[in-house]
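> what's the 3D shape of this:
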Amino acid sequence: MSVWTLRRLLPAAASIGMFMGLAPVQASEPDPAVMSYKFPDKIEWKGSDAGPKNATLYGDPSKPGLYVVLTKWTPHHMSRPHKHPNDRVIHVVSGTWWVGWGPKYDPDSTFPVPAGSAVTHFGNQIHYDGAKDVEAVLEIVGMGPATSIDMEQK
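Numbers count the residues shown, from 1 in each chain. A predicted model of the protein is given here:
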């Protein structure tokens with residue numbers, strides 16, 4: 001093979017070698033001593049179609065300590081005015097979450113919070129929330145126990 005031919009083939013060979021390095025590699029499962037994970041189809045949702053469905057990702061909201069919960073509000077369902085003893089930080093994962101405040105239940109006066117937003121519910125403050133026309137999925141982080149106290153004024 002001549003030097004001229006090698007000079008022409010060298011860039012092509014280098015390109016092929018570079019792209020071969022980008023080939024997908026079969027990754028092994030994460031070390032369970034380092035991390036845990038659940039794919040979406042393995043997340044266990046509990047609840048009914050008449051209200052929110054919840055999936056606990058970390059901790060236990062009924063016990064003292066940190067917890068992380070996913071809450072799925074199905075369309076046309078809302079909570080009634082209530083309060084929690086501790087602050088809660090909420091991230092709207094998908095959909096639009098509708099929030100209201102005060103002891104008088106009035107879904108028409110709720111405020112829309114779109115996906116990607118973050119909200120802090122302050123402890124012992126009366127609020128209500130849910131979904132209107134589309135499902136809303138929330139990630140809620142707080143300190144337990146996460147009791148809910150009915151505060152609706154009829």
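> which residue ranges of the protein form helices?
All helices of the chain, identified by DSSP state H, fall at 3-20.
> quick check, central residue of it?
With distances taken as C-alpha atoms, centre = their mean, the residue of the chain nearest its centroid is Glu139 (3.8 Å).
> wait, doesn't it sit right on His91?
Yes: contact criterion C-beta atoms under 8 Å: Glu139 and His91 qualify, at 4.5 Å. C-beta here means a position set from N, CA and C on the backbone, and glycine is covered the same way.
> not counting its neighbours along the chain, what's nearest Trp73?
Ala131 (3.8 Å; C-beta to C-beta, 6 or more residues apart in numbering).
> so who does that neighbour touch?
Trp73, Thr74, Pro75, His76, His77, Met78, Gly95, Thr96, Trp97, Trp98 (C-beta atoms under 8 Å, 6 or more residues apart in numbering).
> please, where are all the strands along this structure?
Using DSSP state E, the strands of the chain run over 46-47, 53-58, 65-73, 77-78, 82-83, 88-94, 96-101, 111-114, 118-121, 127-131, 136-144, 149-150.
> these: which one's closest to Ser36?
strand 53-58 (9.4 Å; C-beta to C-beta).
> who does the closest one pair up with?
Sheet pairing of strand 53-58 (DSSP bridges) gives strand 46-47 (antiparallel), strand 65-73 (antiparallel).
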